[in-house]
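Chemist: the following comprises the amino acid sequence and a computationally predicted model.
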Amino acid sequence: GAVVSQHPSWVICKSGTSVKIECRSLDFQATTMFWYRQFPKQSLMLMATSNEGSKATYEQGVEKDKFLINHASLTLSTLTVTSAHPEDSSFYICSANNADTQYFGPGTRLTVL
Amino acid sequence: QKEVEQDPGPLSVPEGAIVSLNCTYSNSAFQYFMWYRQYSRKGPELLMYTYSSGNKEDGRFTAQVDKSSKYISLFIRDSQPSDSATYLCATGIQGAQKLVFGQGTRLTINP
């Protein structure tokens, strides 16, 4: 149980385009989902907390107009990287809360050319 | 000072050894403690979850929390090459809410 999926697993896009990443809780409902960013050999950096039916809460330094988060249902949250640039290339991971802990998706590797 | 400190390693041990991974934290309000294992280019996988002080055992893994010294540990017995990964400690005031992660320790088990 407590499986979280992400789609796509990897994406390559041109600079200036937008990319949408989906995060789904497959066998449970999650009122809260989290989006993280991870650079090579570094720990997870929390970008935002996504609550179903309300606006996301962004961490300090994260541009909310660039990283659009939508949590339309109890099983789906999306992260859209708008007008992507090479510096946005990273590994993006979501997690979903279930009971008293968080379960992570497999991650999405974004490469912006 | 970081809220959670974890030695990034790398740590390399022979197969069959007992591995000890540790973290310290600064916020006494933290009550939930987790250990995640992350293989390269994959999302973190929940290994152990404990609430408050004490020990919790699951197979070859034992998680230990000492709230008095703000110290958390993960022990791996009879380590296997498949245990080679990065291990992340995490803690929070509420387990399902915002977590604070350690830097992660890169562990290699040599056959």
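Modeler: Here it is on my side, so go on.

Chemist: so who does B:Pro81 touch?
Modeler: Under the criterion of Cβ atoms under 8 Å, 6 or more residues apart in numbering or on different chains, the neighbours of B:Pro81 are B:15, B:109-111. Glycine gets a C-beta too; all of them are placed from N, C-alpha and C.

Chemist: quick check: phi and psi at it.
Modeler: Backbone dihedrals for B:Pro81, given as degrees, to the nearest 10, come out at phi -60, psi -30.

Chemist: could you do A:Gln60 as well?
Modeler: Torsion angles, degrees, to the nearest 10, at A:Gln60: phi -60, psi 130.

Chemist: likewise B:Ser82?
Modeler: phi -70, psi -10.

Chemist: can you tell me how far it is from A:Asp100?
Modeler: 28 Å (Cβ to Cβ, to the nearest Å).

Chemist: of these two, who's got more company?
Modeler: Set side by side, B:Ser82 and A:Asp100 show more neighbours around A:Asp100, with 15 against 8, by other Cβ atoms under 10 Å in any protein chain shown.

Chemist: wait, the more buried one sits on B:Leu46?
Modeler: No. A:Asp100 is beyond contact range of B:Leu46, at 11.2 Å (criterion: Cβ atoms under 8 Å).

Chemist: what about residue 39, neighbour count?
Modeler: No chain was given, so I picked chain A. Quick note: A:Phe39 (other Cβ under 10 Å) scores 11 neighbours.

Chemist: correction: the question concerned chain B.
Modeler: Neighbour number of B:Tyr39 under other Cβ under 10 Å is 12.

Chemist: same question for the one 10 residues further on.
Modeler: By the measure other Cβ under 10 Å, the count of residues near B:Tyr49 is 19.

Chemist: same question, B:Ile109
Modeler: 20.

Chemist: how far away is it from A:Asn98?
Modeler: 30 Å.

Chemist: can you check B:Val13 too?
Modeler: Distance, B:Val13 to A:Asn98, using Cβ to Cβ: 33 Å.

Chemist: repeat for A:Lys20
Modeler: 24 Å.

Chemist: spatially nearest residue to B:Asn55, not counting backbone neighbours?
Modeler: Counting by Cβ to Cβ, 6 or more residues apart in numbering or on different chains, B:Gln64 is the residue found nearest to B:Asn55 once chain neighbours are left out, at 5.1 Å.

Chemist: what is the helix or strand in which that neighbour is found packed up against?
Modeler: Applying DSSP states H and E as the criterion places B:Gln64 in strand B:61-66. With contacts taken as 3 or more Cβ pairs under 8 Å, 6 or more residues apart in numbering or on different chains; DSSP states H and E, strand B:61-66 sits against strand B:32-38, strand B:45-51, strand B:54-58, strand B:71-76.
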